[in-house]
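Visitor: Okay, here's the prediction I keep looking at, along with the sequence it came from:
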Amino acid sequence: MTRKLAATIAMLACTVLSLTAPAAHAEDDARGERLFDLCKQCHGPAGEGMALSLAPAIAGLDLWYVEMQLTKFKQGVRGLHADDLGGLRMYPMSQWLENEEDINAVSTYVASLPKASPHSTIEGGDAKAGAAAYTLCATCHGVKGEGNQVMNGPPLAGMNDWYLMTTLQKFKDGVRGGNSANPTEMMMRGMAMSLTDEQAMKNVIAHIMTLNK
């Protein structure tokens, strides 16, 4: 093959890629949005969360975290405890995602949504006391609640306070964190146990809510 012919083939290949890549990207975006229609029923049209559906805000969550959780739900690693009502709803929903491509498409769409800034619904928390307790959480979840992928720690800033409370309680009660196939949650259960009572949980959540601003 002559150099001229090789260069021509390379140029044509680049041209084809430049024409098809935007179309493929647009198709993936549309696919993710279509799949998100199923999520809207519980998480809200903008992913802002709905307490009545036990569904937290998910808008703007990191792609890696959404993919990881959807995969865990689909595999039954998370969401099958008899007392985890929210998880029991998510498990059958995750089965509608047929493959990794579906999971990636809807996760990418969720991550692209403007991050939620939910208002406080829990009273009586001491944010100053919570800030001291949060130093233990910061290792995995980040000083500003931004999350830490290396530690598999999701972002906490932007989460609903009612969801944080129910989640901590689930870890303390063993509803979450008891499955050896999910070591991240097992570690989180140990961390949750350091919050000795409801007031301690309210305090750390009050601090987390300040990270939304």
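Guide: Perfect, thanks for sending it.

Visitor: where in this structure is pLDDT low?
Guide: 1-28, 213 (pLDDT under 70).

Visitor: Show me the residue at the heart of it, geometrically.
Guide: The centroid of the chain falls nearest to residue 66 when counting by C-alpha atoms, centre = their mean (4.2 Å).

Visitor: Work out for me the element it sits within.
Guide: Residue 66 belongs to helix 63-75 when assigned by DSSP states H and E.

Visitor: where's that helix relative to the chain centroid, distance-wise?
Guide: Distance, stretch centre to chain centre, for helix 63-75: 8 Å (C-alpha atoms, centre = their mean, to the nearest Å).

Visitor: one step back: could you find the closest non-adjacent residue to the residue nearest to the centre of the chain?
Guide: In space, residue 66 comes closest to residue 107 once its chain neighbours are excluded; the distance is 4.0 Å by C-beta to C-beta, 6 or more residues apart in numbering. Using the backbone N, CA and C atoms, a C-beta is placed for each residue, glycine as well.

Visitor: And residue 179, by the same measure?
Guide: residue 77 (6.3 Å).

Visitor: Surely that neighbour forms part of a strand?
Guide: No. Using DSSP: H, G, I helix; E, B strand; the rest coil, the assignment for residue 77 is coil, not a strand.

Visitor: Isn't it up against residue 184?
Guide: No. The criterion here is C-beta atoms under 8 Å, and residue 77 misses it with residue 184 at 9.9 Å.

Visitor: Residue 191 contacts residue 136, doesn't it?
Guide: Yes. Counting by C-beta under 8 Å, residue 191 does reach residue 136; the two are 6.5 Å apart.

Visitor: Can you give me the neighbour number for residue 83?
Guide: Using other C-beta atoms under 10 Å, the number of residues around residue 83 comes to 11.

Visitor: ok, now residue 68?
Guide: What residue 68 shows, counting by other C-beta under 10 Å, is a neighbour count of 19.

Visitor: distance of it from residue 107?
Guide: 9 Å (C-beta to C-beta, to the nearest Å).

Visitor: circling back: now do the helix or strand that contains the residue nearest to residue 66: which elements does it pack against?
Guide: Using DSSP H and E, residue 107 sits in helix 100-112. Packed against helix 100-112 by the contact rule (3 or more C-beta pairs under 8 Å, 6 or more residues apart in numbering; DSSP states H and E) you find helix 3-43, helix 63-75.
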